[in-house]
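**Q** using only what follows, build the 3D model:
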Amino acid sequence: MLKFIIFVSMKTLTLHLPDNLDLDKRELVMLLASKLYEQGKLSLGQAAELAGLTKPTFAELLNNYGVSIFNFPSSDLSSDVSNA
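**A** Prediction:
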């Protein structure tokens, strides 16, 4: 069993993953950061920091995890078009 400990500001998350799950710590953290960014729980900068990457590098890697860099609701786009 693999054990990962992830530190997020003041919170500590301990995960026990099955040995057959072929993930290393870096990939697991990237999965978590990209998902939290996708859900709008973290900004791009916060997610990049969690992943231990620069914002440009994190932004480039988001597509590998099926996440768009353009992370805002379609209602914002409609509002922006109306205000243009």
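
**Q** now do the helices in the protein.
**A** Using DSSP state H, the helices of the chain run over residues 25-38, 44-51, 55-62, 74-83.

**Q** so can I have JSON lines of the ones you listed showing mean pLDDT and distance to L13?
**A** Just so you know, the C-beta spots here come from the backbone N, C-alpha and C atoms, and that holds for glycine as well. Shown next, in JSON lines, are the helices of the chain (pLDDT from 0 to 100; distance: least, CB to CB, whole Å):
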{"stretch": "helix 25-38", "mean pLDDT": "91", "distance to L13": "8"}
{"stretch": "helix 44-51", "mean pLDDT": "92", "distance to L13": "11"}
{"stretch": "helix 55-62", "mean pLDDT": "95", "distance to L13": "19"}
{"stretch": "helix 74-83", "mean pLDDT": "64", "distance to L13": "30"}
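
**Q** can I get the ones you listed in TSV including distance to P18 and mean neighbour count?
**A** Converted to TSV, these look like this (distance: least, CB to CB, whole Å; neighbours: other CB atoms under 10 Å):
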stretch	distance to P18	mean neighbour count
helix 25-38	13	18
helix 44-51	23	19
helix 55-62	25	15
helix 74-83	38	9
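
**Q** which one of these lies nearest to L17?
**A** Using CB to CB as the criterion, the shortest distance between L17 and the helices of the chain is 7.7 Å, found for helix 25-38.

**Q** just to revisit the earlier point, right, so of the helices of the chain, which gets closest to T14?
**A** Nearest of those (CB to CB): helix 25-38, 12.2 Å.

**Q** give me the contacts around that closest one.
**A** 4, 6, 15, 17, 23, 42-44, 46-48, 50-53, 58, 61-62, 65, 67-68, 71 (CB atoms under 8 Å, 6 or more residues apart in numbering).

**Q** re the thing from before, between the helices of the chain, which one is nearest to K11?
**A** Shortest separation from K11 across those is recorded for helix 44-51, at 11.1 Å, computed as CB to CB.

**Q** can you give me the angle the closest one makes with helix 55-62?
**A** 80 degrees (axes from the mean of the first three to the mean of the last three CA atoms, to 10 degrees).

**Q** packing partners for helix 44-51?
**A** With contacts taken as 3 or more CB pairs under 8 Å, 6 or more residues apart in numbering; DSSP states H and E, helix 44-51 sits against helix 25-38, helix 55-62.
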